[in-house]
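Participant: Next one to model:
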Amino acid sequence: MLVVHPSSRCDICLEPYSTSDLATSPHAIAECGHIFCFRCLHSLNTSTCPLCRQVFDPNRVKKLHIGNPSEQGNAERDDTEQGVVYNHADSLLHRMSLVSAEGVPEVDVVEVVSEVQEWLRSQPDDPTSHVPLRAAFDSLQRYKALQRESEREKAECRRLRDQLRNSTLTTDHGSRTSRVVDDSLLTRIEEIETKHTLELSQLRSQLQNLGDPQPRYLNINTNSLPPRPNSFPRAMNFDTHMRMGHSRPLHRPRLTPWIPVVFSLIIFCSIIELSISAWLTSRFTAYHNYFSIAERDRTRFLLFTSAWTIVFSSLYILFFYLHGSALGSVVSHIFLFLTWAFWTAGATSITTVLSGELNRNTPNVFAYPVQLNALQGFAWVIEALVTFSLLAVLIRSIIATR
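Facilitator: Below is the predicted model of the structure:
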């Protein structure tokens, strides 16, 4: 049964509805639900709703009843009480929205949450009542939990950022220490090169002094007789010729002092070069961090040349210099020439790979710039010593043939 409020009026004539008179009794249009008095509905020229212009059927108009004033008063009181409840719920909802902002003290949040919990407990246990307030309460709790989790994550980020900063400082300190060590090693290499250059100049001066080993005597003829005519010179055998080329007389051999000195320097520098090239070769083989295939192959070639020089220099001193022979002289010349060719090719190729300069400021190009610089420097030192030895032997051989 449809009931209207006792104080309701017709929207057309503004007369209050009445149950005693049919003309003023309330009637509802079935199509749109608007309510008018019976007299006004039947006085319309067209069957359209005066409010929404909806076409309706006059035969489907429904008569409504007017509610009892006493029952309506009770309903109004219930509505008033219900309004107070909803007003308090709206107030709590508003307070929760205020404490959900960032920067609100935790004490205020706990106070509002406790008050909402107590108020919800005092209400009837109906999940469908105060749905917005309950949803806002759950959302606030989840939001505050997320806020606490966010604070913990921010603290962890700050800790990791400080740890990264400390690691960066430690890395910078290690880099500075490495640069200092590299500079000291380069300084040491320069000192060694200067020392070897000085020794090389001293050996060259000794070579100049040994250029004419035969003493010059005054040709004083004490015999009054005329000199006998010279006979045809005898042919010098090959063994004697080669021995003279190395200042080795047939009887009572006289050791040449510069040969063991120079070859000892060559062996010493070759041992250093062997160590550096072997270390680099092992690193390249294990980590494949060479700049190019040419860099790896040149390093291996210098490793082979160093081993070649150490072995055959030792054999040269032991078998030829101390126990000279014609075959040993020929083999020594071939050895010196091959060794000179190896070191010239090795020093030139490693210099070409390193762009012809000491690349100590390009660690991002070469993995081991200091070791490569030392490899290049010692290669040129050994090449100079071998060149000096080869020239000295050739000069001595030329002088001996005169």
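Participant: Mark out where each domain of the chain begins and ends.
Facilitator: Per the record, the chain has its domains at 3-67, 239-400, by automatic domain parsing.
Participant: Just name the most buried of those.
Facilitator: Ranked by average neighbour count under the criterion mean count of other C-beta atoms under 10 Å, the domains of the chain are headed by domain 239-400 at a mean of 17. To be clear about C-beta, it is placed using only N, CA and C from the backbone, and glycine gets the same treatment.
Participant: what is the mean pLDDT for that domain?
Facilitator: For domain 239-400, the mean pLDDT works out to 80.
Participant: wait, which of the domains of the chain is closest to residue 120?
Facilitator: Closest to residue 120 of the domains of the chain is domain 3-67 (C-beta to C-beta; 33.2 Å).
Participant: what about that closest one, start to end distance?
Facilitator: Taking C-alpha to C-alpha, to the nearest Å as the measure, domain 3-67 stretches 6 Å from start to finish.
Participant: would you list every one of the helices in the chain?
Facilitator: Under the criterion DSSP state H, helices of the chain are mapped to 38-42, 69-99, 106-122, 131-209, 238-245, 258-287, 293-315, 326-353, 369-400.
Participant: Between those, which one is closest to residue 57.
Facilitator: Of all the helices of the chain, it is helix 38-42 that lies closest to residue 57, at 11.6 Å by C-beta to C-beta.
Participant: May I have that closest one as CSV, with CA atoms only?
Facilitator: C-alpha atoms of helix 38-42 as CSV (Å, rounded to 0.1, in the frame of the first residue of the first chain):
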residue,chain,number,x,y,z
PHE,A,38,-7.6,13.7,-8.8
ARG,A,39,-9.2,17.0,-9.9
CYS,A,40,-6.0,18.3,-11.4
LEU,A,41,-5.2,15.1,-13.3
HIS,A,42,-8.6,15.0,-15.0
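Participant: Just to check, residue 96 is in contact with residue 135?
Facilitator: No. Contact between residue 96 and residue 135 fails when scored by C-beta atoms under 8 Å: they sit 10.5 Å apart.
Participant: These two: which is more packed in?
Facilitator: residue 96 (20 against 11; other C-beta atoms under 10 Å).
Participant: got the contact list for the more buried one?
Facilitator: Taking C-beta atoms under 8 Å, 6 or more residues apart in numbering, we find residue 96 in contact with 112, 116, 133, 136, 137, 140.
Participant: again, but for residue 372
Facilitator: Per C-beta under 8 Å, 6+ apart, neighbours of residue 372: 280, 295, 350, 354, 359, 366.
Participant: Output the residues you listed in JSON lines, with distance to residue 288 appended to each entry.
Facilitator: Below are those laid out as JSON lines (distance: C-beta to C-beta, whole Å):
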{"residue": "280", "distance to residue 288": "13"}
{"residue": "295", "distance to residue 288": "12"}
{"residue": "350", "distance to residue 288": "19"}
{"residue": "354", "distance to residue 288": "19"}
{"residue": "359", "distance to residue 288": "20"}
{"residue": "366", "distance to residue 288": "14"}
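Participant: From those, pick the one nearest residue 399.
Facilitator: In terms of C-beta to C-beta, no member of those lies closer to residue 399 than residue 350, at 35.2 Å.
Participant: quick one: the closest one and residue 298 touch, right?
Facilitator: Yes. With contact defined as C-beta under 8 Å, residue 350 and residue 298 form a contacting pair (4.7 Å).
Participant: Backbone dihedrals for residue 11, please?
Facilitator: Backbone dihedrals for residue 11, given as degrees, to the nearest 10, come out at phi -80, psi -10.
Participant: Residue 279 and residue 371 touch, don't they?
Facilitator: Yes. Assessed by C-beta under 8 Å, residue 279 is found in contact with residue 371 at 6.7 Å.
Participant: Tell me how many other residues surround residue 117.
Facilitator: Neighbour tally, residue 117, other C-beta under 10 Å: 11.
Participant: Kindly provide the distance from it to residue 94.
Facilitator: Residue 117 sits 17 Å away from residue 94, going by C-beta to C-beta, to the nearest Å.
Participant: Please apply the same query to residue 197.
Facilitator: Distance of residue 197 to residue 94, given as C-beta to C-beta: 92 Å.
Participant: same check, this time on residue 352
Facilitator: Counting by C-beta to C-beta, the separation of residue 352 from residue 94 is 82 Å.
Participant: What of residue 317?
Facilitator: 104 Å.
Participant: buried set for stretch 181-194?
Facilitator: Using 16 or more other C-beta atoms under 10 Å as the test for burial, stretch 181-194 gives 182, 186, 189, 192.
Participant: All set now, cheers.
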